[in-house]
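> Got a sequence here, can you build the structure:
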Amino acid sequence: MEHNVYIYILVMGAATYLVRAVPLIFIRHELKNTLIRSFLYYVPYVTLAVMTFPSILGATRSPVAALAALVTGILAALGGGGLLKVSAACCIVVYISERILPVL
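Numbers count the residues shown, from 1 in each chain. Predicted coordinates:
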């Protein structure tokens, strides 16, 4: 069983290396295609959203509090709030929502 863990680690390390090395090997000039450039520009944001979105709705005791925090975070971000302001606003909304919801 222990040997399997090392194999998994090696495979994941190789996959991570290849994902980073292959573009450097095959793309030797500046990309001029606007579609490809915009696609590559948004990949980190989409990846982060896909990794965090499921956790947002399951991180609280109440899905209603999580949804309220999600809406608050979106509105705060669209309003120009930075990361600290958005996360603080979401935490405050979750705290207040979870204190109020059991009463309702």
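
> contacts and neighbour counts: CA atoms only from here.
Fine.

> residue contacts, the residue nearest to residue 94 when sequence neighbours are not counted?
Nearest residue to residue 94, sequence neighbours excluded (Cα to Cα, 6 or more residues apart in numbering): residue 65, at 5.3 Å. Listed by Cα atoms under 8 Å, 6 or more residues apart in numbering, the contact set of residue 65 reads 93, 94, 97, 98.

> Can you classify residue 81 by secondary structure?
Following DSSP: H, G, I helix; E, B strand; the rest coil, we place residue 81 in the coil state.

> what's the burial count for it?
The number of residues packed near residue 81 is 15, by other Cα atoms under 10 Å.

> Kindly report the same for residue 93.
21.

> And residue 87, by the same measure?
17.

> Residues contacting the helix or strand containing it from elsewhere in the structure, which ones?
Assigned by DSSP states H and E, residue 87 belongs to helix 83-100. Helix 83-100 is contacted by residues 60-62, 64-66, 68-70, 72-73, 76-77 when judged by Cα under 8 Å, 6+ apart.
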